[in-house]
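1. Pasting the sequence and the predicted coordinates here, then a few questions.
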Amino acid sequence: MTPSFPKTFSEIKLAGHTLRNRIVFGAHTANMSVNGLPSEQTIAYYVERAIGGAAMIVVEPMPVHPATVLTRGNFRTCDDSVIPAFSRLTESVKRHGAVVLQQLYHVGSHGDSDLSFHAHWSPSGGPSYHDSDGSHAMTEAEIEETIEAFVSAARRCQAAGFDGVEVWAAYGGLLDQFWTPFYNRREDRWGGSLENRTRFSREILSRIRRLCGPDFIVGLTVSDEPGCPTALTRDQITEIVAGLDADRLIDYVTCGSGGYFDYGSLMPTFLYPERLGIELSARLKKVVSHALVTAESHIRTPDNAEITLGEGSADLVSIVRGQIADPHLANKARSGTPEDIRGCLSCNQMCWGRRSRDYWISCLINPSVGREAEWGGDRFERVADPQSVLVVGGGPAGLEAARAAAERGHRVVLAEAADRLGGAFRLAGEQPRRAQILDLIGWYETRFAKLGVEVRLNSYLEGGDVSAIGADVVILATGSLPLESGFQKARPDHPSLAGIERGNVFSAESVMARQARLGRRVVVLDETGGWKGCGTAWKLAEQGHAVTFVTPDALVGKELQRTAADVPLRRTLSRLGVQFRTETSIESWQGNAATLVSHLTGRNETIEADSLVFSTTNVAANWLALELAELGIPFIEIGDGVAPRQAPYAFYEGRRAGMAIPSAASGGQEVRVA
C-alpha cells in the first residue's frame, strides 16, 4: 500500500473478483476495431493500461443491436463467430492482472443513420439529438428483441472470457430514455409509473444475472445532467438505482456527467471543474447496500482519486483520459513517484476530438496512444551504445524528442533560445484555465533532471555553434513564427492588410508573451478557429479590454466543436462582453479603427479600435535547417520547423525522432523525419 494514496491502492471485492486497487479504466470509444472485431491495435491499447496497473478495464461500448451503431469502429455482436477475437483481448488483458468487462449499449433515439442505415428505436419516437432524424416508437416485439439482444451480447461476452458487463443507462441512452418521462410517453406496461418505466432495465439486468451467474459482474452506468429541465433529477436517479440495488440486479454503478442537452460536461474539458458527478455518486453511496459506486467524470489524477475515495463519495474511481495520457499512472502513483505521471490536459483534442470525426483515438501529449502495437507500448528500450544528441528548440517537438532520446539512454543536450522551455506552447498555458500546460512543461523539466538531460536556456545557435558542439545526432525543432504582413487566408488576393503600416497591430503570440501594449478597445481577427485566437480573446476580455472577435468562419471556435469546448467557450466570451462578427474579415486598418467586410453581403462595417490582434497561420522558422544543409551537417527536422501545425503533431514527431536514434554501434541515421 502506498502511504500517499492508501485508499486508492487498497483491494476491494467485486462480485466474485478481487480488484488490486480502486482505479478503473472506464468505457469509452477507442474506435480501433477492424470489421467490428478487436484488432491488434485494440488489444495493445487495453493491455498497456493493464500493464500500467489499472485494476479494472471496461472495454468500449458495444452496440447490442443494428439500430444503435454509432461509430465506424463499433464492435459487432451479431453471432458467436465474434467470440474467438474477443477471447484474444480478454486473455491478453487478464494476463496482466486486470479484471476486464465489456460495456453494452443502445443509444435509443440518438442514433447515426449514416453508419447504421437503420431507423433509430426509442420508447415513444421523438427526435434524435445526435443527428437530425426522428426515431421509431418500439413495439412490444421490438422491446423484447432488444432485451434479448442485451442478454445475448452478455452471454457472448462471458463466453469470450469477460469478467462481466456494464449496461449503459447514461447520457440519454435507451435505458435512460425508458426511465425518463420526457422520452417515455407510453401508456402500456413499459411506461407511466416508475415500476413500468424501469421494467425494461430490470428485465435486461435480471435476465443477464440469471443466465450468467452470481460471479459474473453486472454494472450499470448513469449520468447527472442537473442543468437540463427534462432530465431525471438526482433524487429520481437515486430512487431508481436504490431499487435495482435492493433487488441485487447490479454489482456496481458508475456515475458520469452531462448528456445530449449538456454535451460539454459529458466529456468535460479544462473549462469545467474537476471531479464532476461527485454529488450524485455520494448520494448513491448512501442508498446502496450491495453495489459499489464508481465516480467517473473529470477525475484526472491520483490526488483526485484519493480525495474522492477518502471523503466517501465513491468506492472506485474511473480515470479515463488520465490513463490515456499516461497508461502507467497507477503504477507510478503506487510506487511513490506521482511526479513522473504525464498529466492529462483535459483538452479533448485527440481523444474525443478524433473520435468525434470517427477516427481511432490518440492523445495530444502521448502519441503512443493507438500505436501501442507498433511502438511497443508507452515504454522505452535502452540502447547498448548511446550517442550524443543535440536538440535545438524547447517547444513540444523538442521537449518530446529530448525526453524520448534520453529515456533510451542517449546523452542529450537541449538548447533553447528563450529563457524558459515550452516555446509557443507555454504561451497557450498562460491563457485562462490552461495552466495544465504549464504543469506539463514542469513535468518535462522534472524528467530531464532525472534523465540527465543538459538544458541550455538563452542559447541561440547558428550553424557554426552546432558544428562546434559536434553531436552525433542533431534534431531541429525550431518552431514557427507569426506572419507580420496581416495576410488573411479568407482574402487570398490581398498579400497584406491595407493600413498595417499605421501600427498597433500585434500577433496573438506577442499578446500572450506580454510584448504588446494594447489599448482598451481591441479587435481580434481569428482564422485558426482554435485556442490561439479564442483563448487570447478570453484573456483580453478578462483583463478589461472591450473585445470584438472577427472570424471568417460561421461560428466562433469552429475547430473546438470536435472537443465539445466551443459552446461553453462562447458562453464565457459572451458573459465577458465579447462581440462576435462571424463570416467576416478585415478589409483595412486605420490605426484607430478596423473596416470589416462581410463574406455574406460584401458590406463594410467600421469599428473604432485602439489595437488589432491577429491569430492566423504561422510560417516555419527553418533558417537553421537551411544553414545546416548548406554546411553539409546532417540533421533531423521536426515540428513546426517543417510546417506549422497543431501541437499533437509536434509531440508525435518528437517521440518518433527520439525513438529512431540508433545505437552508436549500428551507425547511420535518418536525415529527416517528415
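-> Nice, I can see it.

2. In this structure S318 contacts N304, no?
-> No - if you go by Cβ atoms under 8 Å, S318 and N304 don't touch, sitting 10.9 Å apart. C-beta here means a position set from N, CA and C on the backbone, and glycine is covered the same way.

3. Neighbour count for those two, which is higher?
-> S318 (28 against 19; other Cβ atoms under 10 Å).

4. buried residues in the worst-scoring helix or strand of the chain on mean pLDDT?
-> Counting by mean pLDDT, DSSP states H and E, the chain has its least confident helix or strand at helix 113-116, which shows a mean of 85. Neighbour-count burial for helix 113-116 flags L115, S116 (criterion: 16 or more other Cβ atoms under 10 Å).

5. Strands of the stretch 201-350 of the chain, start to end?
-> For the stretch 201-350 of the chain, strands defined by DSSP state E, counting those that start in this stretch occupy the ranges 217-224, 252-257, 292-295, 316-318.

6. Can you list the strands that the last one pairs with?
-> The reference is to strand 316-318. strand 23-25 (parallel), strand 292-295 (parallel) (DSSP bridges).

7. can you check the longest one too?
-> Take DSSP bridges as the rule and strand 217-224 pairs in its sheet with strand 164-168 (parallel), strand 252-257 (parallel).

8. Adding mean neighbour count, write the ones you listed out as TSV.
-> As requested, those are arranged in TSV below (neighbours: other Cβ atoms under 10 Å):
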stretch	mean neighbour count
strand 164-168	27
strand 252-257	28
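
9. Which one of these lies nearest to I43?
-> Among these, the nearest to I43 by Cβ to Cβ is strand 164-168 (18.7 Å).

10. what mean pLDDT does the closest one have?
-> Mean pLDDT, strand 164-168: 98.

11. go on, stretch 620-629?
-> pLDDT averaged over stretch 620-629 gives 98.

12. ditto for stretch 366-385
-> So the average pLDDT for stretch 366-385 ends up being 97.

13. if we can go back for a sec, need the strands paired with strand 217-224 in CSV with distance to R426, can you?
-> Compiled in CSV, the strands paired with strand 217-224 are given as follows (distance: least, Cβ to Cβ, whole Å):
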stretch, distance to R426
strand 164-168, 40
strand 252-257, 30
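
14. Tell me which of the strands paired with strand 316-318 sits nearest to I500.
-> strand 23-25 (51.3 Å).

15. what's the pLDDT at G343?
-> pLDDT, G343: 97.

16. Can you tell me, leaving aside adjacent residues, what's nearest to it?
-> D439 (5.5 Å; Cβ to Cβ, 6 or more residues apart in numbering).

17. Is it correct that that neighbour is in contact with R342?
-> No - judged on Cβ under 8 Å, D439 makes no contact with R342 at a distance of 9.9 Å.

18. what about these two, which has more around it?
-> Taking other Cβ under 10 Å, D439 and R342 do not tie; R342 has more neighbours (22 against 12).

19. residue contacts, that one?
-> A325, D326, I365, N366, L440, W443 (Cβ atoms under 8 Å, 6 or more residues apart in numbering).

20. Quick check: the gap between it and A325.
-> To A325, R342 is 5 Å away according to Cβ to Cβ, to the nearest Å.

21. sorry, back to before: check the offset of the least confident helix or strand of the chain from the chain's centre.
-> 24 Å (Cα atoms, centre = their mean, to the nearest Å).

22. cool, and stretch 426-439?
-> On Cα atoms, centre = their mean, the centre of stretch 426-439 falls 16 Å from that of its chain.

23. So what touches it?
-> 270-271, 343-346, 420, 422, 425, 440-441, 509, 512-513, 531-532, 535-536, 538-539, 542, 647.

24. May I have that stretch exported as PDB, CA atoms only?
-> This file holds the C-alpha atoms of stretch 426-439, laid out as PDB (Å, rounded to 0.1, in the frame of the first residue of the first chain):
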ATOM      1  CA  ARG A 426       4.000  27.900 -22.900                       C
ATOM      2  CA  LEU A 427       2.100  30.900 -24.200                       C
ATOM      3  CA  ALA A 428      -1.000  28.800 -24.600                       C
ATOM      4  CA  GLY A 429      -0.600  27.800 -20.900                       C
ATOM      5  CA  GLU A 430      -0.900  31.500 -20.000                       C
ATOM      6  CA  GLN A 431      -4.400  31.600 -21.300                       C
ATOM      7  CA  PRO A 432      -7.300  31.300 -18.800                       C
ATOM      8  CA  ARG A 433      -7.800  27.900 -17.200                       C
ATOM      9  CA  ARG A 434      -5.000  26.400 -19.300                       C
ATOM     10  CA  ALA A 435      -2.300  26.100 -16.600                       C
ATOM     11  CA  GLN A 436      -2.200  22.300 -17.000                       C
ATOM     12  CA  ILE A 437       0.000  23.100 -20.000                       C
ATOM     13  CA  LEU A 438       2.500  24.800 -17.600                       C
ATOM     14  CA  ASP A 439       2.300  21.700 -15.400                       C
END
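
25. in that stretch, what's buried?
-> Applying 16+ other Cβ under 10 Å to stretch 426-439 flags R426, L427, A428, G429, E430, Q431, R434, Q436, I437, L438 as buried.

26. which of the residues you listed lies closest to R456?
-> Distances from R456 to these, taken by Cβ to Cβ, are shortest for R426, at 16.9 Å.

27. what about the closest one, distance to W352?
-> 24 Å.

28. swap in S206?
-> 34 Å.

29. which one is V59 nearest to, not counting chain neighbours?
-> Nearest to V59 is Q102, by Cβ to Cβ, 6+ apart, at 4.9 Å.

30. Mind listing the residues bridging to that neighbour?
-> Here Q102, judged by DSSP bridges, has bridge partners V59, V165.

31. That concludes my questions; thank you for your assistance.
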